[in-house]
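Undergrad: Let's see this in three dimensions:
(one chain, ligands or ions: 1)
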Amino acid sequence: MKIRALEPYEVSFHRELRIRILNDSPDSFGETAAQAEARPLSYWEDLTRSVTEPNRHVMFVAFEGNAIVGTTYGILDNERSDVGRVGGMWVAPSQRRRGVGRSLLAAVLVWARKRGLKRVGLWAPASAPAAVALYSREGFKNTGRQRPLPTNANLRISEMEIEL
Ligand SMILES: CC(C)(COP(=O)(O)OP(=O)(O)OC[C@H]1O[C@@H](n2cnc3c(N)ncnc32)[C@H](O)[C@@H]1OP(=O)(O)O)[C@@H](O)C(=O)NCCC(=O)NCCS
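TA: Sure, this is the predicted structure:
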């Protein structure tokens with residue numbers, strides 16, 4: 001398995017992967033596949049720039065050969081220069097429990113440390129034991145804050161964070 005950062009020219013790849021993960025795991029993310037599909041090309045161009053330009057956010061993609069096996073974002077906080085966030089963490093169902101999620105999380109934490117971040121947070125679906133277990137195992141702690149999942153008010157997401 002190899003992990004690499006998204007490249008600036010991969011706008012369509014980015015869009016298709018995002019729609020794929022939203023279709024696969026609708027209760028894990030804050031937007032629906034239909035919302036993502038309806039967004040204009042300019043949205044995907046801007047988003048791709050935001051994760052590929054130097055000193056901005058980052059997107060990692062894990063491959064087994066040519067097959068995508070997982071992805072995640074590392075996101076910089078708009079207001080606090082020493083804080084980041086993990087977002088869009090997803091591993092292909094057939095590849096789960098093989099350490100892909102842990103490797104993607106490690107890539108974000110290496111990126112965060114290089115950026116000099118002091119803290120990394122995330123919002124995990126409270127009803128997704130796999131996600132909560134992955135983050136807990138790497139040292140993330142619950143902050144105690146919860147909120148409804150934006151796309152399904154019956155589900156809750158819990159904030160977790162780690163000090164670097
Ligand atoms: C959460 C997710 C990314 C985990 O990816 P993964 O590649 O299967 O995780 P790993 O194999 O790296 O697991 C690392 C550790 O996390 C924990 N873990 C992972 N999946 C688990 C599960 N289903 N049940 C319990 N613990 C689990 C274990 O401690 C595991 O270590 P172990 O296998 O040595 O016991 C994956 O299940 C997924 O894509 N889920 C759907 C989308 C999602 O919920 N994303 C998170 C949004 S915040």
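Undergrad: Tell me the strands beside the helix or strand where residue 59 lies, with direction?
TA: Using DSSP states H and E, the element containing residue 59 is strand 58-64. According to DSSP bridges, strand 58-64 forms sheet pairs with strand 2-5 (antiparallel), strand 67-76 (antiparallel).
Undergrad: who in the chain is up against the ligand?
TA: Residues of the chain lying close to the ligand by CB under 6 Å from any ligand atom are 25, 28, 89-91, 96-102, 122, 124-125, 128-131, 133-134, 137. C-beta here means a position set from N, CA and C on the backbone, and glycine is covered the same way.
Undergrad: contacting residues for whatever residue of the chain ends up closest to the ligand?
TA: Going by CB to the nearest ligand atom, the ligand is nearest to residue 101 of the chain, at 2.6 Å. Listed by CB atoms under 8 Å, 6 or more residues apart in numbering, the contact set of residue 101 reads 70, 89, 91, 130, 134.
Undergrad: Name the member of those with the most neighbours.
TA: With neighbours defined as other CB atoms under 10 Å, the most crowded of the contacts of residue 101 is residue 91; it has 26 neighbours.
Undergrad: Quick check: bridge partners of that residue?
TA: residue 70.
Undergrad: quick revisit: just put the contacts of residue 101 in a markdown table and tack on pLDDT.
TA: Putting those into a markdown table (pLDDT from 0 to 100) gives the following:
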| residue | pLDDT |
| --- | --- |
| 70 | 98 |
| 89 | 98 |
| 91 | 98 |
| 130 | 97 |
| 134 | 98 |
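Undergrad: re the thing from before, inside strands: which ones of the residues of the chain next to the ligand?
TA: Here DSSP state E is the test, and the residues of the chain next to the ligand give 89, 90, 91, 122, 124, 125 as lying in strands.
Undergrad: Brilliant, that's me finished.
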